[in-house]
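Participant: pasting the structure only:
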């Protein structure tokens, strides 16, 4: 009896999700950022190919995402589709994607409470698929 009452009074979280597809072979953080020492301080900067890919991702996100900026916590499910089967560390590919989403989809990447990254292969169509769950 009490179980039925608890089930009726509990709030059911309704999840809303959206899928974004970002074309092109995913690039790792190491291939788009460089570090240099200026005086006694290390400085990080993005290479030209990283800036171009980030701009490309942001344009694709703008075309596909037609909602308001998310102001609450969210989850992301990122699937990386590489054009070849070289060995890669899956954790080196999320920074550029998250930076591209910031300011368009959500205010800040600190809102992400759960991040799932999966790698796959697709020689014909390398891409990044992002599912946003709020």
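Facilitator: Structure's in. What do you need? These figures come from a predicted structure and were not determined experimentally.
Participant: Give the residue spans of this structure that score low on pLDDT.
Facilitator: Counting by pLDDT under 70, the chain contains low-confidence ranges at 1-14.
Participant: mind listing the strands for it?
Facilitator: 17-23, 33-38, 41-46, 74-82, 112-121, 127-133 (DSSP state E).
Participant: is it possible to export those strands to a markdown table including distance to residue 54 and mean neighbour count?
Facilitator: From N, CA and C alone the C-beta is placed, and that goes for glycine too. Shown next, in a markdown table, are these (distance: least, Cβ to Cβ, whole Å; neighbours: other Cβ atoms under 10 Å):
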| stretch | distance to residue 54 | mean neighbour count |
| --- | --- | --- |
| strand 17-23 | 10 | 15 |
| strand 33-38 | 11 | 10 |
| strand 41-46 | 7 | 10 |
| strand 74-82 | 15 | 19 |
| strand 112-121 | 18 | 13 |
| strand 127-133 | 12 | 19 |
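Participant: Reformat these as CSV; add distance to residue 88.
Facilitator: Listed next are these as CSV, based on distance: least, Cβ to Cβ, whole Å:
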stretch, distance to residue 88
strand 17-23, 17
strand 33-38, 16
strand 41-46, 20
strand 74-82, 7
strand 112-121, 7
strand 127-133, 13
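Participant: closest to residue 91 out of those strands?
Facilitator: Minimum separation from residue 91 across the strands of the chain (Cβ to Cβ) falls at strand 112-121, 7.0 Å.
Participant: Counting by contacts, list what the closest one packs against.
Facilitator: With contacts taken as 3 or more Cβ pairs under 8 Å, 6 or more residues apart in numbering; DSSP states H and E, strand 112-121 sits against strand 74-82, helix 94-101.
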